[in-house]
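>>> Sequence and predicted structure are below.
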Amino acid sequence: IVAHSIIYKIALCCTVDEMYLASLINKGREAYISGTTNPTVLPSETVLTMATINGAKAVLWDNEIGSLEVGKKADLIVVNPFKWSMLPLHDSIANIVYCMRSENIESVMCNGQWIMKDQKIMNVNEEEVISSAVKRATALLARAGINLPERMNYL
């Protein structure tokens, strides 16, 4: 019997895309400097450390967040790696850094409270927030006198 999903509990201090971008920028910088590509310039383990405890250290919160330890805030994400973007799953850390997308995030906990569980926002009405954001953005454009061209037909 194979489990439905492997769940990683990670104390991230950044977005999923920032890990991937950090790795690419540094690999590109090295290629520019040396003239050759080197995929080992910034290993995925280093990027994950940057996104967790080193991210917390950068904002001087490493005594509160950035790692899963007793006494720290319970901030974590639950990741399902068995979706298209993270397969095949050969190297868990590399897959988290290079392949994980927001759709792989099943649940989010901040300070011990579930913010999202099973991909459902827990503490706000998501439809109301989206509707309000659309209305306010339209009103803001009108107040600013900005008229965007209609580029696509939509229903």
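Arrived safely, thanks for sending. Only a predicted model underlies this, so the values are computations on that prediction, with no experimental measurement involved.
>>> C-alpha from now on. contacts and neighbour counts both.
Noted.
>>> Low-confidence stretches in the protein?
Across the chain, residues meeting the criterion (pLDDT under 70) sit at 1-14, 153-155.
>>> Tell me where it has strands.
With DSSP state E as the criterion, the chain has strands at 8-10, 76-79, 105-110, 113-117, 120-121.
>>> Comparing these, which comes out most buried?
Ranked by mean neighbour count, the strands of the chain are led by strand 76-79 with a mean of 22 (mean count of other CA atoms under 10 Å).
>>> And the spatially closest residue to Cys99 that is not a sequence neighbour, how far from Gly35?
Spatial nearest neighbour of Cys99, excluding adjacent residues (CA to CA, 6 or more residues apart in numbering): Met86 at 5.1 Å. Look at Met86 and Gly35: by CA to CA, to the nearest Å, they are 30 Å apart.
>>> same question, Thr49
27 Å.
>>> what do you get for Ala133?
Counting by CA to CA - Ala133 and Gly35 are separated by 46 Å.
>>> What is the neighbour count of the nearest residue to Ser44 once chain neighbours are set aside?
Leaving aside its sequence neighbours, Ser44 sits nearest to Ala94 (CA to CA, 6+ apart; 5.2 Å). The number of residues packed near Ala94 is 18, by other CA atoms under 10 Å.
>>> just to revisit the earlier point, quick one, which of Thr49 and Gly35 is more surrounded?
Higher neighbour count among Thr49 and Gly35: Thr49, with 17 against 10, using other CA under 10 Å.
>>> For that one, which non-adjacent residue is closest in space?
Per CA to CA, 6+ apart, closest to Thr49 is Gly55, 7.8 Å.
>>> Might one say that the one you found is in contact with Ser67?
No - look at Gly55 against Ser67 with CA atoms under 8 Å: they stay out of range, at 10.2 Å.
>>> which residues in the chain form helices?
16-34, 44-51, 53-58, 92-94, 126-144 (DSSP state H).
>>> Thanks a lot, catch you later.
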